[in-house]
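Student: fold the following.
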Amino acid sequence: MEWLSEYGFGGVALSAFLTATILPLSSELVLSALLISGENTTNLIIIATFEMH
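Tutor: Now for the predicted structure:
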């Protein structure tokens, strides 16, 4: 999961997509890692919200 957090916003979108489809991943871990690293909170929440639906 660490490699997804290295991709920033794209990693959040990819992890949300993979979690919603075929892989048993936790996109929340990627989101949390990026929030802790200081990424823009508003953008992360928007991207994660729209990718999960």
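
Student: and the most centrally placed residue in the chain, what element?
Tutor: With distances taken as C-alpha atoms, centre = their mean, Val12 lies nearest the centre of the chain, 2.1 Å away. Assigned by DSSP states H and E, Val12 belongs to helix 9-20.

Student: helices or strands next to that helix in the packing?
Tutor: Applying 3 or more C-beta pairs under 8 Å, 6 or more residues apart in numbering; DSSP states H and E, we find helix 9-20 packed against helix 2-5, helix 27-37, helix 41-51. Glycine gets a C-beta too; all of them are placed from N, C-alpha and C.

Student: measure the residue nearest to the centre of the chain to Ile36 for me?
Tutor: 13 Å (C-beta to C-beta, to the nearest Å).

Student: where does the prediction get shaky in the protein?
Tutor: Scanning the chain for pLDDT under 70 picks out 1-5, 23-27, 51-53.
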